Structure formats: C-alpha cells, structure tokens
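1. Curious how this folds, go ahead:
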Amino acid sequence: MESTKTFTDKVLLILKGLAMGAANKVPGVSGGVVAFVAGFYQEFIHSLKRINSTSFKLLINGRFSSFFKYINGRFLSLLFFGMLVSYFSISKLLDYLIINYELYVWSAFFGMILGSIYYINKDFKDWKLTTYIALLAGTAIGLSISFMTPATQNDNLFFVFFCGIISVSGMTLPGLSGSFILILLGNYVLLLIDSVNALYDTFSEIVRGNFSFLQDSERLKMLKVLFSFTFGSVVGLITFSHILSYILKHYKSITLASIIGFITGSLGVVWPWKKTIYKTSETNGSFILDTNGKQIIENYKQYIPEFNNETFLAIGYITIGILIVLFLDVYAKKIRGSHA
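-> Coordinates of the predicted model:
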C-alpha cells in the first residue's frame, strides 16, 4: 500500500511539472500560479533555496546521496522532468491549440487565473493598509507590464543569458509570466521556439546516427543560444528562490498581497478577445512578417466581444477554467487529508 502511494506521489509530481512547463510556455500564464494553486509553491521555493554553498560542498566531496536528500532531490528531479517533457510534448500541443482555437484557449486560461485569484485570496485574512498598498502596487506593475512595447530580437549570448535570468521569474513569482517577459524583451520566438526546435531536431538526428548538424553553423548557433538561456535560467531560479524565501519568511502577508496583485494585473495579458500584432518588417496581406517571412508575436490589441455563439462558447471555457482550479483546490485538500 505504501509503495502504491509513493508511486502515485511520483506521478502527481511529474504531472505538476508538466502543468508548470506548459504554463511557462504560454504568454501571460505563470508556472508559479500552477505551483501556488496546486499547493507546492513554498516547498518548491524552499527546495531551490537549498542549492547553496552547503549543497555544493556535499557534491564536491562526493556525498551524492546526502546532496540529493539535502536539496529535496526527489521532489525537484521529478518536477523538472515533467517540465522538460512538457516542452517537447504538451507545449507543442498548446502551440497547435493556440493557432487553431486561440479564443477558447485564452478563455480557459483567463478562467484559470480568475480561479487562482479566488484560491489565493480566500485564505488570506491579513488585510490592512500595508497589504492593500502591496495589492495595488502588484496590480499596477502587472498592468504596466501588460502594455509595454516589446523590443526587437537580440541573439547576443550575454543578452540571452540575461533573458534566462529574467524569464524564470514566471516560475518563482506567480502572476508574472516569464514567456510574456520574453516577448517584451523581443526573444520569445528565438528562445522558446527556434532554439527548442533546434535541440529537438539535434536529438532526433543523433538517435538516427546523423551528426551532420556539427557542420550546420546556424544549428550550432541556436544550441549555443539555448545553452546560454538555460544557464541564465538556472542562475535566476536559484537567485530568485533565495530572495523569495527570505521575503516570504519575513514579509509573508505583503508578499502574498503583491502576488494577488500581480495575478490580477496579468488578466490583461490573457484577455481572450484580442488580436495579435506582429513585428513590422514587411507586410504580406493581413500578416506582418520579419525578414525571414516568419510571424513574430509582438503584442496584443484587446477588444470588447460581440454577443454571439462564439462569445458564449468562450464564456463557457472561462467557466471551465474556473472549475478546474476549484477542483484542484478540493483535490489538494483531499490529498492533504489522506496524508494527515
């Protein structure tokens, strides 16, 4: 019975990683919200915080078992395994759904974020002047980020490293979408589509015994970009986790109020009824393409929907999104009860 429970826990951790990875890929949606709603946010931050000088000493001294236990390795490894799988599976499915069913996908995400706001707010009772100010500040920052004008693409490795540090905020700070930050920095397509596809193609060729990519300068460049981005993400993840762990310990109420504000402000990014605007380089009909003929997301123009069947169906998906979060809340309470 115990082994069954352990196996179930492992599968659930991988599924949580899948959900976080998928959320991190979608502009406007934060993987941190998934961690918060699923009830493992503080464990996630605390585990990352354990990657410090003590853990590195254990690693250098060859005490691998102690190192793995110290950093809560079982939890982190299964979670990150789920995220990795997500980037090559669920995220590709999301790409397809957003292209073909954009309104309904955004509607579901909008509903999930509405549900998340309710979920985080329902147990928060420490409302006072400082937390109200934190709430308003978080909302204002979230809204201002939503309406910023994106930069142009930049594949300089130092800038890509910086993008990795900044974009990982979506995993550590609920409500702040890392992928949307990459849009603002101009590197969303470069880092979450082109470089990931380059890695996928490289692995596929290696499995088939094809090493021709070693003579492909563009492929090697993309792999360097991905490595720099990944290294920056690791640095950012560890750095932010230490900062957030300290803040949550000493200023928990203000931090939670700010997070509620961030998530509320992010609703503008995931507003379902919007039109995608593309980078200006050369026009082709209703689309604007870059010099390589590739569509690049730049920003969104929101609008008020008409009341028709499509709108009512979208409202239905918003409701489904809210119900998913409420179901996760009930399910999390059931799990906590079974472990008590």
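
2. What ranges in the stretch 101-250 of the chain fall below the confidence cut-off?
-> 146, 149-151, 170, 174-177, 184 (pLDDT under 70).

3. For it, just list every one of the helices.
-> Under the criterion DSSP state H, counting those that start in this stretch, the stretch 101-250 of the chain contains helices at 102-122, 129-146, 157-167, 169-172, 178-185, 188-189, 195-207, 217-250.

4. most packed of those helices?
-> The highest average neighbour count among these, using mean count of other CB atoms under 10 Å, belongs to helix 169-172 at a mean of 26. All C-beta spots, glycine's among them, are computed from the backbone N, C-alpha and C.

5. elements contacting that helix?
-> helix 2-25, helix 31-37, helix 178-185, helix 217-250 (3 or more CB pairs under 8 Å, 6 or more residues apart in numbering; DSSP states H and E).

6. contacting residues around residue 229?
-> Applying CB atoms under 8 Å, 6 or more residues apart in numbering to residue 229 gives the contacts 160-161, 163-164, 167, 191, 195.

7. could you dump the helices of the stretch 101-250 of the chain to JSON lines with distance to residue 322?
-> Converted to JSON lines, the helices of the stretch 101-250 of the chain look like this (distance: least, CB to CB, whole Å):
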{"stretch": "helix 102-122", "distance to residue 322": "4"}
{"stretch": "helix 129-146", "distance to residue 322": "19"}
{"stretch": "helix 157-167", "distance to residue 322": "27"}
{"stretch": "helix 169-172", "distance to residue 322": "21"}
{"stretch": "helix 178-185", "distance to residue 322": "21"}
{"stretch": "helix 188-189", "distance to residue 322": "27"}
{"stretch": "helix 195-207", "distance to residue 322": "31"}
{"stretch": "helix 217-250", "distance to residue 322": "26"}
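
8. For residue 42, find the nearest of the ones you listed.
-> Residue 42 sits nearest to helix 217-250 of all these, at 6.8 Å, using CB to CB.

9. just checking, next helix/strand downstream of that closest one?
-> With elements assigned by DSSP states H and E, the helix or strand that comes after helix 217-250 is helix 252-265.

10. Need the residues that contact that next one.
-> Counting by CB under 8 Å, 6+ apart, 30, 33, 36, 113, 116-117, 120-121, 124, 126-127, 130-132, 134-146, 173-176, 244, 247-248 sit against helix 252-265.

11. Stretch 193-209 too?
-> Here stretch 193-209 makes contact (CB under 8 Å, 6+ apart) with 87-88, 95, 211-213, 219, 222-223, 225-226, 229.

12. Of those, which is the nearest to residue 25?
-> Distance to residue 25, by CB to CB, is smallest for residue 87 among the contacts of stretch 193-209, at 6.9 Å.

13. number of nearby residues for the residue nearest to that closest one when sequence neighbours are not counted?
-> Leaving aside its sequence neighbours, residue 87 sits nearest to residue 21 (CB to CB, 6 or more residues apart in numbering; 5.6 Å). For residue 21, the neighbour count with other CB atoms under 10 Å is 26.

14. repeat for residue 48
-> Neighbour tally, residue 48, other CB under 10 Å: 22.

15. ok, residues contacting the helix or strand harbouring it?
-> Using DSSP H and E, residue 48 maps to helix 41-49. By CB under 8 Å, 6+ apart, the residues outside helix 41-49 that reach it are 32, 35, 71-72, 75-76, 79, 172, 174, 237-238, 241-242, 244-245, 248.
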